[in-house]
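> sequence plus predicted model, see below.
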Amino acid sequence: MEKRNWLITGVSTGLGRAFAQAALAAGHTVVGTVRSEADLRSFEELRPGRAHGRILDVTDDDALFGVVGEVESSVGPLDVVIANAGYGLEGTFEETPLAEVRRQFEVNVFGAVATLQAALPHMRRRRRGHLMAVTSMGGLMAVPGMSAYCGSKFALEGILEALGKEVAQFGIHVTAIEPGSFRTDWAGRSMTRAAQSIDDYDELFTPIREARQKASGNQLGNPAKAGEAVVHITSVDQPPAHLVLGSDALRLVSAARTAVDEDIRAWEQLSRTTDFAEGAQL
């Protein structure tokens, strides 16, 4: 396999760390962004000389573009970029403060967009590269109590799909990584939880919140295997636009897409009634 230069945001823990470890194990060079000096040292100790840490807040656009430019000059041309940094926000729609919703989009959507925008001009000039972002199975299906999180991931899915169609002409691939439940701290310390303040939702949402907390640390998905899967798709000629990871994600995403298809079929005739009778005026 050709050795490549990778940039991955959010490599301190979780899937970002697993992606980085798999890429390093395959012989690649990885620049990983973290939030503290301690995390930077821990990351660089994984593979001295090939693991390069950078302290970065992905919501700081100027700093992000600066890091990407500096990495291109000091480490080398970036071949693979994964916008991974993000977090979960749990809470029913009505109970989630608007400030928390905005913060969720600032990190999960705009942080990822800035990461990809910073890397794209360099890849476009070289006419090659692979841009990826971690969305979630929650970017293709939605569950109660995660409206802001799923909304941010649905938004990122749309951006990635359009981006892929724009840059294919330049030899650049775009992949949305859609993990299910993996054994990370995503549902533990990495989850922000809105306060339950409206009793009407307790019967529905309290069991969901408790089940998620109980499952944290015992999830089905193996992060190391997710890392291997992501490394694999960088080695194929035609990588997928969508990479669903985990059997739970396959089941839930498939069910959600079937439900959408059923709505389309059930209301097809009504949908057709909204055209002008004489057709389009060209």
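Yep, that arrived. Numbers count the residues shown, from 1 in each chain.
> is it correct that Asp185 is in contact with Gly14?
Yes. Contact criterion Cβ atoms under 8 Å: Asp185 and Gly14 qualify, at 6.3 Å. Heads up, the C-betas are built off the backbone N, CA and C, glycines and all.
> looking at the two, which one has more neighbours?
Gly14 (23 against 12; other Cβ atoms under 10 Å).
> mind checking pLDDT for that one?
For Gly14, the pLDDT comes out at 93.
> excluding chain neighbours, what is closest to it?
The shortest distance from Gly14 to any non-neighbouring residue, by Cβ to Cβ, 6 or more residues apart in numbering, is to Thr184 (3.9 Å).
> same thing with Leu156?
Using Cβ to Cβ, 6+ apart, the closest residue to Leu156 is Thr135 (5.0 Å).
> how close does that neighbour sit to Leu120?
18 Å (Cβ to Cβ, to the nearest Å).
> quick one: which of these two has more around it?
Thr135 (28 against 20).
> residue contacts, the more buried one?
153, 156-157, 160, 176-178 (Cβ atoms under 8 Å, 6 or more residues apart in numbering).
> show me which strand runs longest in the chain.
Selection of the longest strand in the chain by residue count, based on DSSP state E, yields strand 172-179.
> helix or strand right after that strand?
strand 191-193 (DSSP states H and E).
> show residues contacting that following strand.
Residues contacting strand 191-193 (Cβ under 8 Å, 6+ apart): 87-91, 100, 209, 212.
> between which two of the residues you listed is the distance greatest?
Distance extremes for the contacts of strand 191-193: the farthest pair is Glu100 and Arg212 at 17.4 Å, using Cβ to Cβ.
> so between the two, which is more surrounded?
Per other Cβ under 10 Å, whichever of Glu100 and Arg212 has more neighbours is Arg212, with 21 against 15.
> ok, that one touching Val143?
No. Applying Cβ under 8 Å as the test, Arg212 and Val143 come out as separate, 9.6 Å apart.
> Glu228: how many residues sit nearby?
17.
> again with Phe65
Phe65 has 16 nearby residues by other Cβ under 10 Å.
> now do Val167
Neighbours around Val167, by other Cβ under 10 Å: 18.
> low-confidence ranges in this structure?
1, 186-188 (pLDDT under 70).
> list the contacts for the residue nearest to Leu56 when sequence neighbours are not counted?
Using Cβ to Cβ, 6+ apart and skipping the chain neighbours, the partner closest in space to Leu56 is Thr33 (4.1 Å). Contact partners of Thr33, counting by Cβ under 8 Å, 6+ apart, are 7-11, 53-56, 58, 67, 85.
> kindly reformat those residues as JSON lines containing neighbour count, distance to Lys165 and secondary structure.
Below are these laid out as JSON lines (neighbours: other Cβ atoms under 10 Å; distance: Cβ to Cβ, whole Å; DSSP: H, G, I helix; E, B strand; the rest coil):
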{"residue": "Leu7", "neighbour count": "28", "distance to Lys165": "23", "secondary structure": "strand"}
{"residue": "Ile8", "neighbour count": "27", "distance to Lys165": "24", "secondary structure": "strand"}
{"residue": "Thr9", "neighbour count": "26", "distance to Lys165": "24", "secondary structure": "strand"}
{"residue": "Gly10", "neighbour count": "29", "distance to Lys165": "26", "secondary structure": "coil"}
{"residue": "Val11", "neighbour count": "30", "distance to Lys165": "29", "secondary structure": "coil"}
{"residue": "Gly53", "neighbour count": "23", "distance to Lys165": "34", "secondary structure": "strand"}
{"residue": "Arg54", "neighbour count": "21", "distance to Lys165": "30", "secondary structure": "strand"}
{"residue": "Ile55", "neighbour count": "13", "distance to Lys165": "34", "secondary structure": "strand"}
{"residue": "Leu56", "neighbour count": "21", "distance to Lys165": "29", "secondary structure": "coil"}
{"residue": "Val58", "neighbour count": "25", "distance to Lys165": "25", "secondary structure": "coil"}
{"residue": "Val67", "neighbour count": "21", "distance to Lys165": "27", "secondary structure": "helix"}
{"residue": "Ala85", "neighbour count": "26", "distance to Lys165": "25", "secondary structure": "coil"}
